[in-house]
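Visitor: quick one, fold the following:
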Amino acid sequence: MRLVTLPDKILRTSHHTLIVMRDDTHDGSTCQAVCVVNDRMIGDVGSKLSLIETIASRKLDCGDVAFDGRVWITPSDLPTPQLRRRH
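Guide: Okay, the predicted model is just below:
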């Protein structure tokens, strides 16, 4: 499943950002609520929509959803930068 953000369907609150996404691989009739925890480590959600869509798609495919059916994204879901070692 490939989730994409619906236009104008991003709601920011003080604690989290709610994004409504739809399945781009089928007829687009399936919608999914995705909550991103507002945190300094995540930063501006709007500038990371592609990354958030990828993470949400992966979590939904793995069945990693909350009791209410939403997908939650926290800083621990973000990829960690790998430090390059000098040879």
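Visitor: okay, now T5: neighbour count?
Guide: 19 (other CB atoms under 10 Å). C-beta coordinates here come from the backbone N, C-alpha and C atoms, glycine included.
Visitor: next up, the contacts around it.
Guide: Residues near T5 by CB atoms under 8 Å, 6 or more residues apart in numbering: 19-21, 49, 52-53.
Visitor: in the helix or strand hosting it, which residues are buried?
Guide: In the assignment (DSSP states H and E), T5 maps to strand 3-12. Buried residues in strand 3-12, counted by 16 or more other CB atoms under 10 Å: 3-5, 10.
Visitor: that older thread, what is the nearest of the contacts of T5 to P75?
Guide: The closest of the contacts of T5 to P75 turns out to be I52 (CB to CB; 12.1 Å).
Visitor: pLDDT value on the residue nearest to the spatial centre of the chain, please?
Guide: In the chain, the C-alpha nearest the mean C-alpha coordinate belongs to I52, at 3.3 Å (CA atoms, centre = their mean). Listed pLDDT for I52 reads 95.
Visitor: same question for Q82.
Guide: 59.
Visitor: same question for L78.
Guide: On the pLDDT scale, L78 gets 88.
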